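> kindly generate the corresponding structure for this input.
(one chain, ligands or ions: 2)
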Amino acid sequence: MTRGFEIVSSYTDKDLRVPYRSTQQAAGYDFESAVDFTVPSIWKLNFLKVLWAIWHQETVSAAETDKAKAILKPFLIPTGIKAYMGADEVLILANRSSNPLKRGLVIPNGIGVIDADYYNNDSNEGEIFMQVLNFGLTDVLIKKGDRIGQGIFLNYLTADNEAQPRQQRKGGFGSSGR
Ligand SMILES: O=c1ccn([C@H]2C[C@H](O)[C@@H](COP(=O)(O)OP(=O)(O)OP(=O)(O)O)O2)c(=O)[nH]1
Ligand SMILES: [Mg+2]
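Ligands and ions are numbered 1, 2, ... in the order given. Now for the predicted structure:
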C-alpha cells in the first residue's frame, strides 16, 4: 500500500468513482462530486445591498450583513473520497482550469493541502472536500459524477532542527486551532 484512494464508509453504496487520471501523462487524479450540489452565485441581492450600503456609508442591519456573509462563505463540495499516502507525502487538490472559465468556480484557498494524517481521522474519516466560491453571475448546479477538481501527490520536505509537532490531527478545516 503506497498511496491511493478509498471511498468513505457512508458512501460505499453510492456508486462513486475513485479519482482517476484522464490521459496517460495527466499529473492530476480527477475528483468527482459525490452529490448533486448547487453553488450559489455571490451576486445576490442581499450581498449587493450590503455592498451598496458600505459604499454609501449607510448603516446595515446585522441580519442583512449575516445573510451577505453566508453567500460570500466558501462552499464545501463533498467528494466521498479519502486518500492514504506515505508519511512524507501530501495530496494537493487543485482546481480544473476550465472551472473559472466555464462555471465561475474558484478555490478560495488557492490549493487544498490534504495531509497524510488527515486519512481516517476521528471526526470525518478523512473525507476530502473541495472548497469553492462561485464568482459567476448565476448559480452553478454540480451533478453527482461531475469532475470538479484534481489531486496531485507530491513529496514534501521538512526543516532542520524543527520543533516536534505536538498535536495529533483530529479533523480538518481549522481543527488544529486558530
Ligand atoms: O481543500 C481542502 C483543504 C483541506 N482539506 C482537509 C485535508 C487537510 O488535511 C485538512 C486541513 O487542511 P489545512 O491544514 O489546509 O487547514 P487548516 O485550516 O490549517 O485546518 P487544520 O487546523 O485542521 O490543520 O483539511 C480538504 O478536505 N480540502
Ligand atoms: Mg493545518
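
> packing partners of the longest strand anywhere in the chain?
Longest strand in the chain by number of residues, with DSSP state E as the criterion: strand 147-155. In terms of contacts (3 or more C-beta pairs under 8 Å, 6 or more residues apart in numbering; DSSP states H and E), strand 147-155 is packed against strand 29-32, strand 89-95, strand 129-134. For every residue, glycine as well, the C-beta is placed using N, CA and C.

> just give me how far that strand sits from the chain centre.
Centre-to-centre, strand 147-155 and its host chain are 11 Å apart (C-alpha atoms, centre = their mean, to the nearest Å).

> buried stuff in that strand?
Using 16 or more other C-beta atoms under 10 Å as the test for burial, strand 147-155 gives 147, 148, 149, 150, 151, 153.

> now stretch 107-114
For stretch 107-114, by 16+ other C-beta under 10 Å, it's 107, 112, 114.

> and the pLDDT at the nearest residue to residue 100 once chain neighbours are set aside?
Spatial nearest neighbour of residue 100, chain neighbours left out: residue 106 (5.5 Å); criterion: C-beta to C-beta, 6 or more residues apart in numbering. pLDDT for residue 106: 97.
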